[in-house]
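In: give me a 3D structure for the following:
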Amino acid sequence: MPDTFRRRERGEGNGSGRTPGHERATRPSPPPSRPPLPRAVEGLPELGDAFWHTLDAGLAALPLELAPGGRAAIDGHARLLLAWTESINLTALRTAGQVARLHVLDSLAAQPICRRLLERTGVEAGATRMLDLGSGGGYPGLPVAIGLGAGECVLVDSVRKKADFLAVAAVAAEAALRAAAEHVPHFTVLAERAEDLADEPDQREGWHLVLARAVGSLAEVAELALPLLRIGGHLVVWKRATTREDGTGLADELRVARRVVHAAGGGRPRVVPAPSAEALGLAGHVLVVVPKLRRTPDRYPRPPAERRKAALLR
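Out: Modelled structure (predicted):
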């Protein structure tokens, strides 16, 4: 109830809590009820030609192919995202064409790199355990897991409303893949903080791939993610190779992250240009790949206050 209405009820004005002859005018109207958020794809608006023209052109440039079930799963994910974003701020993108390029293609551009990383470590795609850190609207985790045919994909976001959306999107994706008789990754959604996950025996050092897109600085992401990776696994981080307004850039992030990456068991970070970035309209988009070489000491990740203090001393 608004403060102005509570004060009137407490007797402001004429001492009675009412303004004679104007009670209805001063009483605020109740907020309009919000329609329930959709739990299924059926009945949602189609994405239209702009989405598929953009996506198909990008897939040809990569090049990647999506089976019919994979296409249906990605379609449903995007439709749910746009529908939920009308009520909850899941993404700043508001058109289907923007979602196709800046979410779906930006995510899928990492698929060939992830596949090569798995092949080098002898992990079959269907046995892959991957975790999407700070998943938000489900990108990159859902499209990458679908494209790879991963065995297990955990979508992690500490914000409850985002986790609720991720659960709905994951169920819809599984249904689309199952209807097409295609491989269905096992999706799980966790509404937890990454530092809490690292304390759980079934999560710590249990994952082949940890993905992180638009989560934080490389030093921060590495400290949160490396404890979750098994030895031989890889952290894949989405970054921009551009200079920021304050004059810093990716080279500065790499330099600052070097110490914590080594301390947490990681190898030298490698910057990998996103495949066909120019053709996809993603110029400057790169991936930073960090291998997990050694066991992470128990002290990592450090508590948030200690991490912030360490960042100030860098």
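In: low-confidence ranges in this structure?
Out: 1-34, 247, 311-314 (pLDDT under 70).
In: residue ranges for the helices of it, please.
Out: 3-9, 23-26, 49-61, 68-85, 96-99, 106-108, 111-120, 141-148, 160-179, 194-197, 218-225, 250-263, 277-280, 304-313 (DSSP state H).
In: and the shortest one, what other elements does it pack with?
Out: When contacts are defined as 3 or more Cβ pairs under 8 Å, 6 or more residues apart in numbering; DSSP states H and E, helix 106-108 sits against helix 141-148. C-beta: built from backbone N, CA, C; applies to glycine.
In: what lies in contact with the helix it packs on?
Out: The contact list for helix 141-148 (Cβ atoms under 8 Å, 6 or more residues apart in numbering) reads 64, 66, 70, 73-74, 77, 104, 107-108, 110-111, 114-115, 118, 125, 128, 130-132, 135, 150, 153, 155, 169-170, 173, 177, 185, 187, 211.
In: buried subset of these, written for ChimeraX?
Out: A single ChimeraX command selects the buried members of the contacts of helix 141-148 (16 or more other Cβ atoms under 10 Å):
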select :64,66,70,73,74,77,104,107,108,110,111,114,115,118,125,128,130,131,132,135,150,153,155,169,170,173,177,185,187,211
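In: the residue nearest the centre of the chain and Leu81, how far apart?
Out: In the chain, the residue lying closest to the centroid (Cα atoms, centre = their mean) is Ser135, at 2.3 Å. Ser135 is 12 Å from Leu81, where distance means Cβ to Cβ, to the nearest Å.
In: repeat for Arg204
Out: In terms of Cβ to Cβ, Arg204 sits 31 Å off from Leu81.
In: those two: which is more packed in?
Out: Neighbours were counted for Arg204 and for Leu81 using other Cβ atoms under 10 Å; Leu81 has more, 23 against 17.
In: ok, and the closest non-adjacent residue to the more buried one?
Out: Counting by Cβ to Cβ, 6 or more residues apart in numbering, Gly137 is the residue found nearest to Leu81 once chain neighbours are left out, at 5.2 Å.
In: what about that neighbour, distance to Leu37?
Out: Here the criterion is Cβ to Cβ. By it, Gly137 lies 13 Å from Leu37.
In: which neighbours do the two share?
Out: Going by Cβ under 8 Å, 6+ apart, residues that sit against Gly137 and also against Leu37 are Phe165.
In: neighbour count: those two, which is higher?
Out: Per other Cβ under 10 Å, whichever of Gly137 and Leu37 has more neighbours is Gly137, with 27 against 15.
In: what sits against that one?
Out: Contacts of Gly137 (Cβ under 8 Å, 6+ apart): 81, 85, 90-91, 103, 162, 165, 169.
In: list just the nearest of the residues you listed to Arg295.
Out: Lys162 (31.3 Å; Cβ to Cβ).
In: burial measure for the closest one, as a count.
Out: Residues near Lys162, counting by other Cβ under 10 Å, number 23.
In: any figure for the gap between the nearest residue to it once chain neighbours are set aside and Phe165?
Out: Leaving aside its sequence neighbours, Lys162 sits nearest to Gly136 (Cβ to Cβ, 6+ apart; 5.7 Å). Distance of Gly136 to Phe165, given as Cβ to Cβ: 9 Å.
In: of these two, which one has the most company?
Out: Neighbours were counted for Gly136 and for Phe165 using other Cβ under 10 Å; Phe165 has more, 26 against 23.
In: for Val237, list each beta-bridge partner.
Out: Ala212, Val288 (DSSP bridges).
In: got the contact list for it?
Out: Contacts of Val237 (Cβ under 8 Å, 6+ apart): 211-213, 215, 218, 221-222, 287-290.
In: so how far is Arg268 from Leu148?
Out: 25 Å.
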